[in-house]
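>>> quick one: sequence plus predicted model below, questions after.
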Amino acid sequence: MADQSEARQGRHYSDDELKDLVTSTDSGARDPSNRFTARLIAGTALAWSLFQLWIAQPQLWFGAYFPVLNSSQTRPIHLMFAIFLAYLAYPAFKRSPRDRVPIVDWALALVAAFCCFYVFWFSDTLAMTARSGLPTTAQVVIGSVGLVVLLEASRRALGPALTVVGSLFLLYAYFGTGWLIPDLIEHEGLSFTSLINAQWLDTAGVFGIPLGVSTAFVFLFVLFGSLLDKAGAGNYFIQLAFAGLGHLRGGPAKAAVVGSAMTGLISGSSIANVVTTGTFTIPLMKRVGFTNEQAGSVEVASSVNGQIMPPVMGAAAFLMVEFIGISYIEVIKHAFIPAVISYIALVYIVHLEALKKDMPALGESKSFLGMIVKFFIGFAVFGAAFTALIYGVNALEAALPSLAAPVMMVVLGVIYLGLVWVAAQRPDLHMDDPNDPEIHLPTVGQVYATGLHYILPILVLVWFLMVEQQSPAKSAFYATGLMLMIIVTQRPLKALFRGQGGDLAHEFMAGLGDLRDGLIAGARNMIGIGVATAAAGIIVATVTKTPIGTELAGLVEQLSGGILILMLVFVGLFSLILGMGLPTTANYIVVSSLMASVVVNLGAQEGLIVPLIAAHLFVFYFGIMADVTPPVGLASFAAAAVSGGDPIRTGFTAFFYSLRTVALPFLFIYNPALILYGIDLGTWFGIGQAVFIFVVATFAMLLFAAATQGYFLASSRLHESAALLLVAFTLFVPGFWLNQIQSPFETIEPARFEEAVAAADDGARLRLLIRGPDFATGETAETTLVMNIEGDGGAAERIDASGLMLYPDAGVVRLDEPMFGTETAEKLSNFDFYAEQPVELAEVLAPRERITKYVFYIPALLLLGLVIMLQRRRQTKPAF
């Protein structure tokens, strides 16, 4: 009975067990006792990191002496390292030995490495044979073995989910038809040779874009985060969060949220975030009144949200760059506001929980409102300083263009020395024991100066990404280069500044040890991601080679009965299910390949123009929720291991806390302004719009949090929670109510299309309803096309610029196949322009003059005022 009770309630794990939990998930649980084997694994991981730094450096100074590798050569080497380490670091089963590597695993590791090395070494031969459609028998055999060992490596490193999904997609691509395959997505099936060629030998399958992103971008960012953490930045961020928030009511939970947000900036693993910050925050949360499940849930919600926080976003940001074809800075721009307001709302949820339970503060209580004011003042000061820095550097480059870079490097070095000197005047930070009877929370003054030099590489990363607008790979290389210098020099410099000159040699060697350990840890953390991106390439190739990518929209439409909101719910559920058990990067690849275009296409059929970035963020948000949601919920199980709570209850509570993350995707689908779509941040007007949207969205999200928590100024009654939800919805999507009373468009007859185009202002948008036979089924289909009016030319010039080919015929405006290479041709590729039934312009919708949608803020705020008035009568404690 005791064992059953313990299993139901969960148990406290030791530090070694928690460490094993993280390593078994993120870097491999095997720890060989044989020194040669252990050194081989560490040496291979070190060599992988050095190889990635070698190919990433942007100057290519060695090009005169050594050949420069192209992407078709670096990707196989990248996977070769990942798959070799996967077999050595991850046991086959739970009962498999962890203190040694069995002979079978050695054999599989060598075979897998050979299959990848073959693609690298014979890349020129493959280009002339397999990639030209003429694979040899030997190549097919090697590709077949490669796929099998890759799927097995995926099972070991990531669990069975991706292996099962990948295998199902291979079977679907090969057979094409069967009693389990719906008629809508049936196809003739690929031959075995064609299947292996597409998946392993070509550059669009296993060695396609996902693995390319992992090779070029993701590794550097994971390595950057690993080096930062090894240098002490993770501990610094947690201590800083506790210094700023720990004194508040429910302070440990608020500190957990902010600490996880900061560590999420540099980490790609929600499970590592949970365990790293949770071992300190969860016991303290329990001490102030949170239950085991609540404490674990707060940590889960905050750690998982780290995956939506720019700049890393679990590597999804880099994949969005490749999949969507927009710049990295654009991805960051669109992802920033939803991520930040989600974290702000989580802090508020924690605050409401503290109010409901009347939780005490740890130490002398401080004002939550005062903390918020200080935060915004600090944010404003930092923004002003960063803006001044931009103008200063621009002036330097204008005055001394040839010396600007050396001068900036010297200034950066001087600032680094100054910040290390400041840090040396204070003792190094050490994590306190959260179970100590007496908790001594630090102050911001004691903590902030001890790690300011850790901010420099992050600033360098942001500078090159946002200001210089360099590629993510180049930006990460420069930031990582600075981090390499910091991790080696910070220890001896501190010893020098503290007057401990005799310890210089020892501290320098310790810094080299930190560097070595950081490089090894970064590579081991990449094993799962490298294998995942390669295995996910199987899904990507299947989508491109079979009808499933284009016909899945029809399947979802059938299930939902054509109701848009139901379509979005189904897409969200599919994304959630497909994301179960997968790391962030892999689940984004899978769900975006299958679902992102579905959201866009179904929205267009209903007349809703969904930006592609909004669709990708939609499926990404639901994909990461799989880390929270039972029955898989890997992050929830990790948190329960720390808290001793029940994993399933922890998962459901964490999902309830994450409702704001579930709601956000629906909101920015219907109101893309929330992701700053169509807003030009290069103008003061655009910046003003962004600030307005941020303030209103934050306020609305806080009201949404209060409604779902059932507490605002006092415990809310049902009708008050409903009123708060209504107010929040109105603030988020005011245009919804305006559309109910006044149509946003006026209908124009297709015959007057040219008149409408000629009369439209530059920058206007016309919506065109296109109707015609579907290329795959022959049935009549519809879609909505947005035509952007550009320039001051006549109707003919504007229509030609759009790529449309129109032919008026007996009162019907027919469409011929659009001009090849235009955006219009891509969007109308599903129509059959050569069938007997014509593709026609069915309707033209032009924007009409309407009252401002913000007029609905007035009744919303009046309703909010009524709720405040009702609750003020029952309020017994301050709201902040």
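In hand now; what should we look at?
>>> tell me the contacts of residue 136?
Contact analysis of residue 136 by Cβ atoms under 8 Å, 6 or more residues apart in numbering lists 129-130. From N, CA and C alone the C-beta is placed, and that goes for glycine too.
>>> was I right to think residue 871 contacts residue 720?
Yes: look at residue 871 against residue 720 with Cβ atoms under 8 Å: they come within range, at 6.8 Å.
>>> shared neighbours of those two, which are they?
Counting by Cβ under 8 Å, 6+ apart, the residues touching both residue 871 and residue 720 are residue 712.
>>> the helix ranked longest in the chain: how far from the chain's middle?
In the chain, with assignment by DSSP state H, the single longest helix is helix 504-545. Offset of helix 504-545 from its chain centre (Cα atoms, centre = their mean, to the nearest Å): 18 Å.
>>> count the neighbours of the closest residue to residue 420 other than its chain neighbours for me.
For residue 420, ignoring the flanking residues on the chain, the nearest one in space by Cβ to Cβ, 6 or more residues apart in numbering is residue 493 at 4.7 Å. Other residues within reach of residue 493, judged by other Cβ atoms under 10 Å, total 22.
>>> and what of residue 466?
17.
>>> for the closest residue to it other than its chain neighbours, give its distance to residue 695.
Among residues not flanking residue 466 along the chain, residue 329 sits closest, at 6.0 Å (Cβ to Cβ, 6+ apart). Applying Cβ to Cβ, to the nearest Å, the value for residue 329 to residue 695 is 23 Å.
>>> gap between the residue nearest to residue 420 and residue 114?
Residue 493 is 46 Å from residue 114, by Cβ to Cβ.
>>> low-confidence ranges in the stretch 451-600 of the chain?
Flagging of the stretch 451-600 of the chain using pLDDT under 70 yields the residue ranges 550, 553-554, 562, 578-584.
>>> break down it into its helices, ranges please.
455-462, 472-497, 504-545, 548-560, 564-578, 584-591, 597-605 (DSSP state H, counting those that start in this stretch).
>>> so how far is the fifth one from its chain's centroid?
Right, the one you point to is helix 564-578. Using Cα atoms, centre = their mean, the offset of helix 564-578 from its chain centre is 18 Å.
>>> would you map out the domains in the chain?
The chain breaks down into these domains under automatic domain parsing: 2-159, 745-849.
>>> start to end distance for the last one?
This means domain 745-849. From its first residue to its last, domain 745-849 covers 9 Å (Cα to Cα, to the nearest Å).
>>> quick one: mean pLDDT for it?
In this model, domain 745-849 has a mean pLDDT of 81.
>>> what's the helix or strand harbouring residue 755 in contact with?
Element membership of residue 755, judged by DSSP states H and E, is helix 753-759. When contacts are defined by Cβ under 8 Å, 6+ apart, helix 753-759 is touched by residues 748, 766, 768, 787, 789, 794-796, 798-799, 806, 813, 841, 844, 846.
>>> what is the burial count for residue 831?
21.
>>> so who does it touch?
770, 772-775, 781, 815, 839.
>>> run the last query once more with 7 Å
By Cβ atoms under 7 Å, 6 or more residues apart in numbering, the contact list for residue 831 reads 772-775, 839.
>>> do the same with residue 373
Contacts of residue 373 by Cβ under 7 Å, 6+ apart: none found.
>>> and it, how far from residue 380?
11 Å.
>>> now do the strands in this protein.
Secondary structure of the chain (DSSP state E): strands at 745-748, 765-773, 780-788, 805-809, 812-816, 840-847.
>>> so can I have a markdown table of the ones you listed showing mean neighbour count?
Converted to a markdown table, these look like this (neighbours: other Cβ atoms under 10 Å):
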| stretch | mean neighbour count |
| --- | --- |
| strand 745-748 | 14 |
| strand 765-773 | 20 |
| strand 780-788 | 17 |
| strand 805-809 | 13 |
| strand 812-816 | 17 |
| strand 840-847 | 18 |
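>>> want to throw these into TSV with distance to residue 387?
Compiled in TSV, the strands of the chain are given as follows (distance: least, Cβ to Cβ, whole Å):
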stretch	distance to residue 387
strand 745-748	40
strand 765-773	33
strand 780-788	32
strand 805-809	48
strand 812-816	49
strand 840-847	35
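>>> nearest to residue 611, of those?
Residue 611 sits nearest to strand 780-788 of all these, at 10.1 Å, using Cβ to Cβ.
>>> that closest one pairs with which strands, and in what direction?
Here strand 780-788 has these sheet partners by DSSP bridges: strand 765-773 (antiparallel).
>>> if I look at residue 258, how far off is residue 277?
Residue 258 is 10 Å from residue 277, where distance means Cβ to Cβ.
>>> neighbour count winner among these two?
A direct count of neighbours by other Cβ under 10 Å for residue 258 and residue 277 places residue 277 higher, at 30 against 22.
>>> near residue 734, how many other residues are there?
The burial count for residue 734: 19, using other Cβ under 10 Å.
>>> what's the answer for the one 5 residues further on, then?
The burial count assigned to residue 739 is 15, neighbours taken as other Cβ under 10 Å.
>>> pLDDT at it, what is it?
pLDDT, residue 739: 85.
>>> heads up, I number from 37, so please use that
That works, and once the first residue is 37, the last one we named lands at residue 775.
>>> that one and residue 196, how far apart?
Noted for residue 775: a distance of 46 Å to residue 196, by Cβ to Cβ.
>>> buried set for the helix holding residue 791?
789-790, 792-793 (16 or more other Cβ atoms under 10 Å).
>>> gap between it and the chain center?
With Cα atoms, centre = their mean as the basis, helix 789-795 stands 42 Å off its chain's centre.
>>> what sits against the residue nearest to residue 502?
For residue 365, counting by Cβ under 7 Å, 6+ apart, the contacting residues are 501-502, 505.
>>> what's the closest of those to residue 560?
Within the set of these, residue 501 lies nearest residue 560; the separation is 26.1 Å, counting by Cβ to Cβ.
>>> coming back round to it: can you add distance to residue 217 and give the helices of the stretch 487-636 of the chain back as TSV?
Output for the helices of the stretch 487-636 of the chain, formatted as TSV (distance: least, Cβ to Cβ, whole Å):
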stretch	distance to residue 217
helix 491-498	46
helix 508-533	39
helix 540-581	13
helix 584-596	9
helix 600-614	17
helix 620-627	19
helix 633-641	18
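>>> most tightly surrounded among those helices?
When you average the neighbours per residue for each of those (mean count of other Cβ atoms under 10 Å), helix 620-627 leads with a mean of 30.
>>> just the pLDDT at the spatially closest residue to residue 136 that is not a sequence neighbour, thanks.
Distances taken as Cβ to Cβ, 6+ apart place residue 68 nearest to residue 136, at 5.6 Å, with adjacent residues excluded. Residue 68 is assigned a predicted lDDT (pLDDT) of 87.
>>> burial of residue 68, as a residue count?
18.
>>> ramachandran angles for the residue nearest to residue 389 when sequence neighbours are not counted?
Nearest non-adjacent residue to residue 389, counting by Cβ to Cβ, 6+ apart: residue 286, 6.3 Å away. Dihedral pair for residue 286: phi 70, psi 30, per degrees, to the nearest 10.
>>> wait, residue 286 touches residue 392, no?
No: Residue 286 is beyond contact range of residue 392, at 9.8 Å (criterion: Cβ atoms under 7 Å).
>>> out of the two, which sits in the busier spot?
residue 286 (29 against 16).
>>> show me the shaky parts of the stretch 37-186 of the chain.
Where the stretch 37-186 of the chain drops to pLDDT under 70, the residues are 37-64, 97-100.
>>> same thing but 90
37-70, 92-108, 128-135, 159-160, 163, 166-170 (pLDDT under 90).
>>> thinking again about what came up before, the strands of the chain: which one's closest to residue 544?
Using Cβ to Cβ, the strands of the chain put strand 816-824 closest to residue 544, at 59.4 Å.
>>> who's in contact with the closest one?
With Cβ under 7 Å, 6+ apart, strand 816-824 has contacts from 640-641, 643, 645, 801-810, 838, 860, 863-864, 866.
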